[in-house]
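Novice: what's the 3D shape of this:
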Amino acid sequence: MAIEVCGGSRVQGSLRVQGSKNAVLPIMAAAVLCQGETVITNCPDITDVHAMSEVIRRIGGQVAYEKNCLVIDSSAVGTGVIEEEKVKEIRASILFLGSLLARFSKVKIHYPGGCSIGSRPIDYHLQGFARMGVETSECGEYICCEAKDGLCGTEVSFPFPSVGATENIILAAVLAKGITKIRNAAREPEIRELCGFLRKMGAKIQGEGTSSIVIQGVARLYPVQWKLGTDRIALLTWSMLTAGCGGDVFLGTDLWFSKAEIEILSAMGCHIWHNSAGVRISQQSVPRPISYLCTRPYPGFPTDGQSLLMAALCKGSGVSLLEEGIFENRFKMIRQLKKMGANIDAVSNRACITGVTRLHAADVEADDLRSGAGLLIAAAMAEGVSRVSGEQFIDRGYEMAEDQMRTLGIRAGRSA
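Specialist: Next up, the predicted model:
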């Protein structure tokens, strides 16, 4: 299977932006902290959600999904042992370490998988758990963690503001004895949403959105209903599609861009407006170059947006310089873009993109989620019909991306 895209035309129309992938996955892990039925609305219909759902079923939970509503009943969750192979398919499965340690004090879980964008070790997670009284060992391909005397509040300081490690320590700390302080915590909006969800469950948390988060452990958490916010990377995806192809698009969302994203979109020549219903983006010229950008932890420009930006800059004026400051393998997409006629030179973690007047259709292959989205953007900018394979990566984070593209006037569909 592949996604076929007939490119070369401008985009127009309106689109409702899906719920947040990067928020729903830690929230799903948080749902097993309580006993009872948790309801999550505006939940994206993506394969990562379904893989996490299968993991919850394998440890005794019940999960139902219909029309962007996810219902998790964790009443019968009875073990911290996860031997399900699905764990290897999804990086966020590591978040069950924190929530199941909090609930059972003992966890066995397969090393997580996901996209091949870098090594992404879990050292920070395990070092934080050790500070909370957790002993860790390796059992073949499994991680075995146990807090023999229960989880204890402590101070955890990260050398780097890791999103996953911050989430995992929060999930463990909400039911731990005493107070846990996280220093150099990640500040991403998804951290704020996870903390808001946990607070509604009865957790005591302060400081999310800053580099210092304080959690007072409580005895029990309760099931709740929660509406997910907009997926900020999906919003950026359709915005970069507009920036690259040109056109005028309205995106239904409750979210506004970060300062770093606004600066980049504006520098590319986009005009942006927003109101309570969403965001309107207009691009009347070819993308203007970006003299220099380095991806950074929030509030910097997101690493997940780098592939999207690179694709949009391929067909435009001038020379752009991008530096990847988070993951070492984010430039694997360059070889695929060159098949379309892109002019890109890369050394180490820096890429120099010289805009060209046209891109041509080609058969290309994604090997991670965001490179897949970037290749869809490039295919929409190229003349002719391109085939983007590796659609299983795209499905991890986007609700039927080809349907979204058709909504914006691009001919796209799946082929064998």
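Novice: and residue 246, how many residues sit next to it?
Specialist: Neighbourhood size, residue 246 [other CB atoms under 10 Å]: 20. (Each C-beta comes from the backbone N, C-alpha and C, glycine too.)
Novice: For this structure, which element, helix or strand, carries the lowest mean pLDDT?
Specialist: Here the helix or strand of the chain ranked lowest by mean pLDDT, DSSP states H and E is strand 81-82, holding a mean of 84.
Novice: Pairing partners for it, with directions?
Specialist: strand 106-110 (parallel) (DSSP bridges).
Novice: Show me what the very next helix or strand once past the strand it pairs with is packed up against.
Specialist: Toward the C-terminal end, the helix or strand that comes next after strand 106-110 (DSSP states H and E) is helix 123-131. Judged by 3 or more CB pairs under 8 Å, 6 or more residues apart in numbering; DSSP states H and E, helix 123-131 is in contact with helix 96-104, strand 135-139, strand 142-146, strand 155-157, helix 163-173.
Novice: Please point out which parts of helix 123-131 sit buried.
Specialist: Buried positions in helix 123-131, judged by neighbour count with 16 or more other CB atoms under 10 Å: 124, 125, 126, 127, 128, 129, 131.
Novice: Contacts for it, please.
Specialist: Helix 123-131 is contacted from outside by 94, 97-98, 101, 134, 136, 143, 145, 147, 154-156, 158-160, 162, 164-165, 168-169, 172, 182, using CB atoms under 8 Å, 6 or more residues apart in numbering.
Novice: List only those of those flagged as buried.
Specialist: Buried members of the contacts of helix 123-131, scored by 16+ other CB under 10 Å, are 94, 97-98, 101, 134, 136, 143, 145, 147, 154, 156, 158, 162, 164-165, 168-169, 172, 182.
Novice: re the thing from before, contacts for the least confident helix or strand of the chain next, please.
Specialist: With contacts defined as CB under 8 Å, 6+ apart, strand 81-82 is touched by 55, 58, 59, 93, 96, 100, 107, 108, 109, 110.
Novice: Among the helices and strands packed on helix 123-131, which comes closest to residue 347?
Specialist: helix 163-173 (27.5 Å; CB to CB).
Novice: ok, now which ones touch the residue lying farthest from the centre of the chain?
Specialist: Going by CA atoms, centre = their mean, the residue of the chain most distant from its centre is residue 149, 34.3 Å out. Applying CB under 8 Å, 6+ apart to residue 149 gives the contacts residue 133.
Novice: Give me the secondary structure label for it.
Specialist: Using DSSP: H, G, I helix; E, B strand; the rest coil, the secondary structure recorded for residue 149 is coil.
Novice: what about the residue lying closest to residue 281 once chain neighbours are set aside, which helix or strand?
Specialist: Distance criterion CB to CB, 6 or more residues apart in numbering; nearest residue to residue 281, sequence neighbours excluded, is residue 242 at 4.8 Å. Assessed by DSSP H and E, residue 242 sits inside helix 232-245.
Novice: to the chain's geometric centre, what's the distance from that helix?
Specialist: Between the centre of helix 232-245 and the centre of its chain there are 15 Å (CA atoms, centre = their mean, to the nearest Å).
Novice: Can you list the helices and strands that whatever helix or strand comes next after that helix packs against?
Specialist: The C-terminal neighbour of helix 232-245 among helices and strands, as given by DSSP H and E, is strand 247-252. If contacts are counted by 3+ CB pairs under 8 Å, 6+ apart, strand 247-252 sits against strand 11-16, helix 232-245, strand 278-283.
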